[in-house]
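Student: below is the sequence, then the predicted model.
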Amino acid sequence: MAIPELDEPALLRPRRERARLGPGRIAGLVVGALAVIALGAAGTWVLTHPQRITDHFTVWNFTVDSTIEGYADRSTMTDEGRFLFYASRPEVSPDDEFDAHCSSQVDDDGILGCHLHGETRIYLYDVTDDRLDGIEEVVAAHEMLHAAWDRMGDDERDALAPLLEAAAETKADDPDFAKTLEYYAKAEPGERLNELHSIIGTEFGPLDPVLEKHYAQYFSDRAALVALHVASHAVFQQQQDAIDGIVAQLDSLEAGVDADYASYNAGYDQLNLDIADFNSRAESGDFESQAQFDGERNDLLARQADLDALYATISDRKNQYDALLAQLDDLNAQVDELNQSINIKPRDPAATG
């Protein structure tokens, strides 16, 4: 499961009872015949469900630690969901080990989990940032649904396909969802339905009743799981909204300051020319009266006062700009922390030229 950067059963055994034979040979033959039929059916099931048999042995031999069990509990996995999760031998890996199992060739996207089809394994990234509470459970559920999809037959996948596409269409105008699908188209070509199955099951609200029934096989309270996704995703959205808001203020301040500073400079250039002309005429006695002299002088002083007042507002807005820029730097530092916590590596300036 990937996260884009700011600008992721108990085995039911049939009960066996000792056959009770009634008097006479016929009863024995009947019971014997039933036993042969039962063994034949079991043998056929084993032959047609080799993956399920392998999964049972894997689950029996898998030691579930408290972290993995906590993911299954909090994501509300049913016995079936838990069975598929444990059959994939999920492992939480620290940063220095995780990338050896799960990697992406797509820049600026963090990988938080992967389901490896060939190994039948799930690897999960160890997210340690408390602000992202719930994100690991969502990723675990996402990867478990890949294990479920992996074990489906073509008929079941074909039946789900139009329902998944219809659900995806409801978010066709959502830029985040579009970006997610764009990522998977590059990173996992040909796996659109597989990815939709995991994304829709863990991130979408109420669905078509047939889809809800399908996902109920794996989650007892899918709404609670989606709520975990919403809460953890909101952390990134809040940061992005705050950054967008500050950038908008900076752009507005910059445009206004630039325009007013140009007006201030042009105004003072003209004022200086007019003052020079005034002084020249005053020295040559070119004014017809004291009233004319005082009137023109007062006009020049008023213009100067207006320009000085304009400069004061420019200075105030420059201070606002600098304060906002400091806030933006702080937010960007927080974003860097969040990005690193979801396995997005800091950019190397040298690598980008």
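Tutor: Ah, there it is.
Student: let me see the ranges of the helices in the stretch 151-300 of the chain.
Tutor: 154-169, 175-187, 192-203, 209-215, 222-283, 290-341 (DSSP state H, counting those that start in this stretch).
Student: tell me which of these sits most buried.
Tutor: Highest mean neighbour count among those (mean count of other Cβ atoms under 10 Å): helix 192-203, with a mean of 22. (Each C-beta comes from the backbone N, C-alpha and C, glycine too.)
Student: before we move on, the earlier item: okay, the helices of the stretch 151-300 of the chain in a markdown table with mean pLDDT and distance to R52 next?
Tutor: Formatted as a markdown table, the helices of the stretch 151-300 of the chain follow (pLDDT from 0 to 100; distance: least, Cβ to Cβ, whole Å):
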| stretch | mean pLDDT | distance to R52 |
| --- | --- | --- |
| helix 154-169 | 96 | 14 |
| helix 175-187 | 88 | 28 |
| helix 192-203 | 96 | 19 |
| helix 209-215 | 97 | 18 |
| helix 222-283 | 93 | 24 |
| helix 290-341 | 93 | 37 |
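Student: distance to M144 for these - can I get that in CSV?
Tutor: Shown next, in CSV, are the helices of the stretch 151-300 of the chain (distance: least, Cβ to Cβ, whole Å):
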stretch, distance to M144
helix 154-169, 16
helix 175-187, 17
helix 192-203, 8
helix 209-215, 11
helix 222-283, 11
helix 290-341, 22
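Student: ok, which of these comes nearest S103?
Tutor: Closest to S103 of these, according to Cβ to Cβ: helix 175-187, at 9.8 Å.
Student: okay, angle between that closest one and helix 192-203 too, please.
Tutor: 140 degrees (axes from the mean of the first three to the mean of the last three Cα atoms, to 10 degrees).
Student: circling back to that earlier point, of the helices of the stretch 151-300 of the chain, which is nearest E97?
Tutor: Comparing those under Cβ to Cβ, the one sitting nearest is helix 290-341, at 16.1 Å.
Student: and the closest one, what does it pack onto?
Tutor: Here helix 290-341 touches helix 222-283, going by 3 or more Cβ pairs under 8 Å, 6 or more residues apart in numbering; DSSP states H and E.
Student: how far off centre is the helix it packs on?
Tutor: Relative to its parent chain, helix 222-283 has a centroid offset of 30 Å by Cα atoms, centre = their mean, to the nearest Å.
Student: other SSEs contacting it?
Tutor: helix 135-150, helix 192-203, helix 290-341.
Student: closest one to Q51 among the ones you listed?
Tutor: helix 135-150 (8.6 Å).
Student: which positions within that closest one qualify as buried?
Tutor: Buried residues in helix 135-150, counted by 16 or more other Cβ atoms under 10 Å: 135-149.
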